[in-house]
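**Q** What follows is a predicted structure for the sequence shown.
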Amino acid sequence: MPKREDIRKILLIGSGPIVIGQACEFDYSGTQACKALRELGYKVVLVNSNPATIMTDPEMADVTYIEPLTADVLEMIIKKERPDAMLPTMGGQTALNLAVELSESGILAKYGVELIGAKLHAIKKAEDRELFKEAMRRIGIEVPRSAAVTSMEEGLEAIEYVRFPAILRPAFTLGGTGGAVAYNMEEYRDLLEKALKLSPVSQVLVEESVLGWKEYELEVMRDGKDNVVIICSIENFDPMGVHTGDSITVAPAQTLTDKEYQRMRDAAIAVIREIGVDTGGSNIQFALNPADGRMVVIEMNPRVSRSSALASKATGFPIAKIAAKLAVGLTLDEIPNDITRETPASFEPTIDYVVTKVPRFAFEKFPEADPTLTTQMKSVGEVMSIGRTFKESLHKAIRSLEIDSYGFEERDADTDLIRSKLKTPNSERLWYIAEALRQGMSIKEIHELTWIDPWFLNNIREIVRFEESIKRDLNPHNPDTGLLRKAKSLGFSDRRIAELIGITEKEVRDIRHTKGLRGVYKMVDTCAAEFEAYTPYMYSTYEQPVYKIRSQEGPPKNHGFFGPEESGVRGQEIVECEANPSARKKIMILGSGPNRIGQGIEFDYCCVHAVYALRELGYETIMVNCNPETVSTDYDTADRLYFEPLTLEDVLNIIEVEKPEGVIVQFGGQTPLKLAVPLEQEGVTILGTPPDAIDRAEDRRRFKELLHKLDLKQPESGTAMSEEEAIRVASEIGYPVMVRPSYVLGGRAMEIVYDEDSLREYMGRAVKASPEHPVLIDKYLVDATEVDVDAVSDGETVIIGGVMEHIEEAGIHSGDSACSIPPHSLPDEVVEEIKRQARALAMELGVVGLMNVQFAVKSQESGVRSQELKAFEIYILEVNPRASRTIPYVSKAIGVPLAKVAAKVMAGIKLRDLGLASDPVVRHVAVKEAVFPFDRFPGVDTILGPEMKSTGEVMGIDMDFGLAYAKAEASAKNQIPLSGKVFISVRDEDKRYVPEIARAFIEHGLGVVATRGTAAYLKERGIDVEVTNKLKEGRPNVVDLIKNQEISFIINTIESARARKDSYYIRHSALQYRVPYTTTITGARAVARALKGLKEKRYTIKPLQEYHLHN
Amino acid sequence: MKKALLVLQDGLVFEGESFGAEGETIGEVVFNTSMTGYQEILTDPSYKGQIVTMTYTQMGNYGVNEEDIESAGGPKVEGFVVKEYLPYHSNWRSDGSLGNYLKQHGIVAIQGIDTRALTRHIRDHGAQMGIISTEDLEPESLFEKVRNHPGIGGVDLVRFVSTDRRYNWSEGVWRWRGKGGSGQQPAGDEQSEPPSGTHKPEPYYKIVVYDFGVKFSILRNLAEAGFDITVVPAKTPAEAVLDMGPDGILFSNGPGDPEAVTYAIENAKRLIGKRPLFGICLGHQILGLALGGRTYKLKFGHHGGNHPVMYLPTEEVEITSQNHNYCVDIGSLGDQVRLTHRNLYDGTEEGMEHVELPLFSVQHHPEAGPGPNDARHIFIKFREMIEEAKGV
């Protein structure tokens, strides 16, 4: 069927900020959808609140709104843009939920907007548990038996049907807590009673336990002619009970016979038809009883998902792109397969390698969180790796994770510890399985503890046994080539081999090279080499060589791999490599690896921009990355894609084959930056800022000298190699101090310490100080304003892209703080001085490319605010001569693609030749706000500090600060309250600021509620305030008010760790009942300003393209 | 593990390890792109004369069982080539390892070679003869043996795999507990789960199947469609078949060059127009030749489970199971037949029906085993053709 001509303009909804469970895979899908729809001639209107996305680049869509993803804002956009259709299947659950809301409220009908991809009835059938069960019954496919019960009586009735073992899940608990498994009636009664109490609505889902069953996923696509294809099958290493996002998963399915696979395929096709997803991709999950093969369907996502991003990267079949085309009426057979060109998209990819995905966790950021893996997703990112075998693929995935693991390193553990680490799913289970095998535990026993399929366990055993062979038989002085080749083809890293035989990684590399053992590259081609592939999407492997025998009687019939010029009876041994590098000018860009807190989509955005920029300059671009969620790993992004771990070994191997002119390490965060010096030592050209400048900025002593030379200030500081030294340094500087281990990312293990006791406690708990890893101690500037600057320099000119004034005070990690462009309170003179200092730093460091500087500005007289420069002290906190997390936000705020500009500068173009002569000036205000994963980690406090905890960000843009901030908060699901009561409970030092804030709320029609202390203070100042009890003071207390939905906003600041515990319940209730809150006075002030803005005028909506018209 | 060598007719040598029987074997080297179904592939009689390379790399994972065979008497391939054989297997239906199974049945197999390089070589240079040996490890000597082999073109391979006596078949397709099956099992009361295994559907019509190397999946699907089936040897004269009074006749799949199976072509000529006829794969080629058309050999054949085939009258696309090296040039048949199926990968012709007579045939494998069940409904179409011919 040809594309639809009755629609011209399509509204595309993004997924908003990066949160656990919804990450950059939706930037990948949205970007693909934009490209595909525009290619077909449609006009695309895009809405997303997340500025750190490629999809929100003004070139991507025809009209781009960075606005809150709420029904009222979308209605405004629909009213203005009048799209013919809305595609809700590309923006995750966020977009799907909005589509349902807009449909059900009649807005889509009112403006004549058609839902394409998935209709309302299909979405509801897939998402509503009861409707889904009913639909499955109609087509004769089983689901786990279940019932929702609200009383013991109902529960006893339900268990007759559900049978044991049964899982009890209390409804609406924070982070899905309180689930339990009952194996008998006695246990069941007991657990049900508890679960009913735990659920705020006294509802418990009683479900047949499928814990320990095998888990599978199929990615399915359907077109408007009802053709259905399966793109990929995925088998989970971790069985049922661990969220698929937290599971290690493998493609294709490994332990199903064809009959069983076809049964699942048939079921998947029946499901997509019955649910009625008209066109596009869906993900269907199955559980299989390993004892008898009984199969149940667990759920279906009627949209593209994280798994479809994985499946796209795993097979080379671009699910989102094709889904977008199907949504506008094309059929699978009409769309060509990009990779083979000659064959159509109506086929099922077949692969000749094994893909392994391993999730990346961030429990070190949330020490209070329970690190057990459950059905609630907790991982913040993932890596994918490709190898010819599962063993090679798994090994590559491990080193892709960047958790300082290069293989199955030994764990110091006794049997009891091992058993408990196997029994309870956790992020380190893989290594404990290896350790268990090393210590002689049987596959059967490990299987009984983990329920992981013996096939996977046996593979790990093979690896562990081979480690023994390496240790025993690999003699570094006389290495056996066959043994080393075998080790490499099993995926062992040089580093792990080195560790096993007690030599250095470099020595292993040298031995390999002497023996001619180098990795070769094979292509991801969707068809297992049945057809020729044209898209250079590569992965490495170590294969067996082949050779050719020549016929004695005349020339051979054909040449195959070998040229005709060869002579001799037995030809040379050759390992086939498909990389086939070009002779073009080329630059390699190193990506940022798995998403984690502190290094996420922002860096992928920068890498993708580097690719675009260099391509514009005529370079061939080579991307190296291992994160399947990203735009950078779309085979369409760079000219050549290497899906590889970002380790020295893997990167050097690609460089040997490709021989690029230079490598860019500046855009991918710490991951590639760490490789800068080692790569340079191996003779690789690093483009842009020299690695020595990075060292000057990161080495404490050299940094001090640098600031001294430029006459710039820095907070007093010192380093300590031991606990005693730390205490001496801190008392010299004076408390409070900020302490942290050296070389950190995202403020890891950084804390503000107020006294000696706390410092001793920190030194004992958080770090092991040593001469190689000293602890850094800085003076903590109380009540200072933090400012971030992003600049780009060509070595001669420095352009200040943006000066961002933070909302939250210095001491709160810059990634967790909201900020504003332009500064919302600092005087112009101060801003100018900050710019001057940033320029001086860039020139002195010889920055070529991007640089980020963090400043702290402290007003000298407390209380009164003078506007003169001399009334302020400006301190430099940190300089990073590389792309920062704020680059995409700044670029969107100012309308200049800084990363792109920087990449061109690194290729030798001058800023003036790029048309950048002066610092950009904006007339609007753009506010960035951070988004946190607290609802995933019950028990973790929401208080902000120097340790970064946010997973993502949003941007609010409008003509004044109040409205821009209000939009940012709305996007972060922290709505500015327009009515109701504000609850205030603050520490003593903050009381003086409260009257002003309370008055602002009262003036705009809100009530104020406070606990006794704060209330008395306000009453003394003539402010009308309602008093409520603290938790321990009796009822009704503040928690009752929260539960009764009487509180619409919470302001809660605290001073010390002890006070934290006393007021924790307030923040916990806020989170559980989704009441917007702030934990800083500066945040409260901003909320008051936003409230004022909202009361005086309404939001306006304006496309990004219009904000930057004058640029 | 013991060393093994694979040498191709053009001199390419792959060194690997043996994981099957010891010995030496020669065959035409082809590759199959299915990711599952090695046991079905091994036992598919159409692979007689061929050494099969699997493009997917992990083989042996789910072991072998007694249910997933496509013919009696063990594997029919001449040899088996894989990237990695996993000696440990895991599946609730498994009752042994792939390696032992191959050893028991004397099949020589090699693992640990670069199967992707081999596949690309075959793709670029065509299928060719190859030799695997675990005994003679001199590449030059193996090269001489394979060079001097006449190949399998023009050879009647059917005689090696056809049954030597007639038999009846009544088993339907496999089922498992639970209802996730292939959509054929009616949704019903959850308490009345049937046990795993096959069942015997009630037959409506009597048919004869010419066994050129028939796959059990074809017989199971025919039984499922309601047929009382008699399987007869490939050389059974047409008259003897008609004497059995069948309502329809199926020309089965089978190995090798269709032109070499002259007796089958002759019998087909005598049956056309007498009874409703249905041909699958080699059976399709034989019907094509019997109608006066010609066949040709593909460069490296179609072997896999992911080829899209369009049913032209409705433009529906089915993902099909494929296993053939020869094709019917349907254009050479003139106006007597119409083209019904086309392969969307390379445009080759995959199915035809006679414009007047009750006769149709397909090149792909609607019975799956291994592969998708998308085309399975064609067995019902065969029943409908018979009903129409009988005026039911």
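**A** That came through, no problem.

**Q** Averaged pLDDT, stretch B:54-62. What do you get?
**A** Mean per-residue pLDDT for stretch B:54-62: 98.

**Q** got it, and stretch A:927-945?
**A** pLDDT averaged over stretch A:927-945 gives 90.

**Q** With only the CA atoms kept, save that stretch in PDB.
**A** Presented in PDB, the C-alpha positions along stretch A:927-945 are these (Å, rounded to 0.1, in the frame of the first residue of the first chain):
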ATOM      1  CA  VAL A 927      15.800  26.600  33.000                       C
ATOM      2  CA  LYS A 928      17.200  23.100  33.400                       C
ATOM      3  CA  GLU A 929      15.900  20.800  36.100                       C
ATOM      4  CA  ALA A 930      17.200  17.400  37.300                       C
ATOM      5  CA  VAL A 931      15.100  14.300  37.600                       C
ATOM      6  CA  PHE A 932      15.700  11.700  40.300                       C
ATOM      7  CA  PRO A 933      15.100   8.000  40.700                       C
ATOM      8  CA  PHE A 934      14.100   8.100  44.300                       C
ATOM      9  CA  ASP A 935      10.800   6.300  43.700                       C
ATOM     10  CA  ARG A 936      12.800   3.300  42.600                       C
ATOM     11  CA  PHE A 937      14.800   3.100  45.800                       C
ATOM     12  CA  PRO A 938      12.600   2.900  48.800                       C
ATOM     13  CA  GLY A 939      14.600   3.800  51.900                       C
ATOM     14  CA  VAL A 940      16.800   6.300  50.100                       C
ATOM     15  CA  ASP A 941      16.500   9.900  51.300                       C
ATOM     16  CA  THR A 942      15.700  12.600  48.800                       C
ATOM     17  CA  ILE A 943      18.000  15.200  50.300                       C
ATOM     18  CA  LEU A 944      20.400  16.500  47.700                       C
ATOM     19  CA  GLY A 945      24.200  16.700  48.300                       C
END
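
**Q** Now find how far off-centre that stretch is within its chain.
**A** 15 Å (Cα atoms, centre = their mean, to the nearest Å).

**Q** buried set for it?
**A** A:927-938, A:940-945 (16 or more other Cβ atoms under 10 Å in any protein chain shown). C-betas here are computed from N, CA, C, even on glycine.

**Q** what's near enough to touch residue A:575?
**A** A:520, A:542-546, B:114 (Cβ atoms under 8 Å, 6 or more residues apart in numbering or on different chains).

**Q** Apply 10 Å and report the result again.
**A** Going by Cβ atoms under 10 Å, 6 or more residues apart in numbering or on different chains, residue A:575 touches A:485, A:516-520, A:541-546, A:561, B:114, B:117.

**Q** Narrow those to those that are buried.
**A** A:485, A:517-520, A:541-546, A:561, B:114, B:117.

**Q** Give me the subset of these lying in strands.
**A** Residues from these lying in strands, with DSSP state E as the criterion: A:520, A:541, A:546.

**Q** pLDDT score assigned to the first one?
**A** Looking back up the chat, that one is residue A:520. On the pLDDT scale, residue A:520 gets 98.

**Q** check contacts around it.
**A** A:538, A:540-543, A:545, A:574-579, A:653, A:657, B:114, B:117.

**Q** Same question for the second one.
**A** For residue A:541, the residues meeting the contact criterion (Cβ under 10 Å, 6+ apart) are A:353, A:386-389, A:392-393, A:396, A:488-489, A:491, A:519-522, A:575, A:577, B:57, B:114, B:116.

**Q** Show me the buried residues of stretch A:927-945 that map onto strands.
**A** Using DSSP E, the buried residues of stretch A:927-945 in strands are A:927-931.

**Q** of these, list those near chain B.
**A** Contacts with chain B within these, counted by Cβ under 10 Å from any Cβ of the partner chain: none were found.

**Q** nearest to chain B, of these?
**A** Chain B lies nearest to residue A:931 out of those, by Cβ to the nearest Cβ, at 39.2 Å.

**Q** what's the nearest residue to whichever residue of the stretch 1-150 of chain B sits closest to chain A if we skip its chain neighbours?
**A** Per Cβ to the nearest Cβ, residue B:37 is where the stretch 1-150 of chain B lies closest to chain A, at 3.3 Å. Closest residue to residue B:37 apart from its sequence neighbours, by Cβ to Cβ, 6 or more residues apart in numbering or on different chains: residue B:370 at 2.3 Å.

**Q** That neighbour belongs to a strand?
**A** No. Counting by DSSP: H, G, I helix; E, B strand; the rest coil, residue B:370 falls outside a strand, being coil.

**Q** Test my guess that it contacts residue B:56.
**A** No. Using Cβ atoms under 10 Å, residue B:370 is not in contact with residue B:56; the gap is 11.3 Å.

**Q** shared neighbours, those two?
**A** B:32, B:34-38, B:304.

**Q** Pick out the most distant pair among these.
**A** B:38 and B:304 (12.6 Å; Cβ to Cβ).

**Q** so what sits against both of those two?
**A** B:32, B:56, B:370.

**Q** Put the buried members of those residues into a PyMOL selection.
**A** In PyMOL syntax, the buried subset of the shared contacts of residue B:38 and residue B:304 is picked out as below (16+ other Cβ under 10 Å):
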select buried, chain B and resi 32+56+370
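
**Q** now, among the shared contacts of residue B:38 and residue B:304, which is nearest to residue A:362?
**A** residue B:56 (35.1 Å).

**Q** Residue A:823 versus that closest one, what's the distance?
**A** 59 Å (Cβ to Cβ, to the nearest Å).

**Q** for the stretch 651-800 of chain A, what spans make up the strands?
**A** With strands called from DSSP state E, counting those that start in this stretch, the stretch 651-800 of chain A shows them at A:662-664, A:717-720, A:737-741, A:751-753, A:775-779, A:785-793, A:798-809.

**Q** where along the stretch 301-450 of chain A do the strands fall?
**A** Using DSSP E, counting those that start in this stretch, strands in the stretch 301-450 of chain A cover A:354-360, A:381-387.

**Q** Now the spatially most central residue of chain A. Nearest residue, chain neighbours left out?
**A** Closest to where the C-alpha atoms of chain A average out (Cα atoms, centre = their mean) is residue A:595, at 3.9 Å. Spatial nearest neighbour of residue A:595, excluding adjacent residues (Cβ to Cβ, 6+ apart): residue A:381 at 3.1 Å.

**Q** One more: residue A:238?
**A** Using Cβ to Cβ, 6+ apart, the nearest residue to residue A:238 is residue A:247, at 3.9 Å.
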